[in-house]
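Colleague: Just a sequence and a predicted model for now, questions to come.
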Amino acid sequence: MQVWRDHPRPARRSPRTQSALTHWLEGLSWTAGAICLAIWAGATALGSFSARQEIRNFEDLQAASKTTSDEPDTSLWSEKRVLAWRATLTGPQRAPLGVLRVMRLRIEAPVLEGTDDWTLDRGVGHIEDTAAPGAIGNIGIAGHRDGFFRALKDATVGDVIRLDTLHDTSSYRVERIWIVNPDDVSVLDPTTTPAITLVTCYPFYFIGSAPQRYIVRAVRISSAGHP
């Protein structure tokens, strides 16, 4: 008794249909693989971009702090100030806010926050409550008359001061040089134009605590932000 003849046989796919299905499945696999590859490539590219950005930030910071490890030009410095500078080479270091340069006077100094003894022995100091280096306003910077700012004795109107920070490079032209008493803090008042005010003790070769302050005021002539 052939019971199986009473039930329909399962339909067989034609070779053409089976081939089309195979091609469709292959196409789907390739598409899925391409999507996964694109996602991986995008994530890798983003990570690579972030890494490059961090490397650039580090290189900028490294360049800005270069003068804290290289010996400055101390040919005009007092022996006491040279010894004080060398003493700052030991112990923890502070990341500079920027680098101040007056190329004609061979001044190159890291700009650090504050005006305490260690800071002014190590470099020049950003004066509290004045505009930050690279910002708009009157940037006050102090230095020792027998150290980094000794060469300011030869400053003249028209000299160019350059201030490099991590985000900006600005140039300033000296427009005025004058002497004030220590209690005359008006030199640090905000200015209507971007400016930088350098402050040191005066006279430069006075023995003991100098009675006056030597002021160099420069106004900004150019500014270029780093990419």
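Modeller: Here it is on my side, so go on.
Colleague: Return the list of helices and strands in contact with the helix or strand where R220 lies.
Modeller: Assigned by DSSP states H and E, R220 falls within strand 212-225. Under the contact definition 3 or more C-beta pairs under 8 Å, 6 or more residues apart in numbering; DSSP states H and E, strand 212-225 sits against strand 168-180, strand 195-202. C-betas here are computed from N, CA, C, even on glycine.
Colleague: Need the ones you listed in JSON lines (columns: mean neighbour count, distance to P110 and mean pLDDT).
Modeller: Formatted as JSON lines, the helices and strands packed on strand 212-225 follow (neighbours: other C-beta atoms under 10 Å; distance: least, C-beta to C-beta, whole Å; pLDDT from 0 to 100):
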{"stretch": "strand 168-180", "mean neighbour count": "16", "distance to P110": "15", "mean pLDDT": "96"}
{"stretch": "strand 195-202", "mean neighbour count": "23", "distance to P110": "15", "mean pLDDT": "98"}
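Colleague: Kindly reformat these as JSON lines containing distance to V187.
Modeller: Compiled in JSON lines, those are given as follows (distance: least, C-beta to C-beta, whole Å):
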{"stretch": "strand 168-180", "distance to V187": "6"}
{"stretch": "strand 195-202", "distance to V187": "6"}
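Colleague: What are the boundaries of the helices in the protein?
Modeller: Ranges of helices in the chain, per DSSP state H, are 15-64, 79-87, 117-122.
Colleague: ok, of those, where does mean pLDDT dip lowest?
Modeller: When those are ranked by mean pLDDT, helix 15-64 comes last with a mean of 64.
Colleague: for the spatially most central residue of the chain, phi and psi?
Modeller: Nearest to the mean C-alpha position of the chain, by C-alpha atoms, centre = their mean, lies L166 at 1.4 Å. When read as degrees, to the nearest 10, the backbone of L166 gives phi -70, psi -20.
Colleague: Do I have it right that it meets G98?
Modeller: Yes. If you go by C-beta atoms under 8 Å, L166 and G98 touch, sitting 7.5 Å apart.
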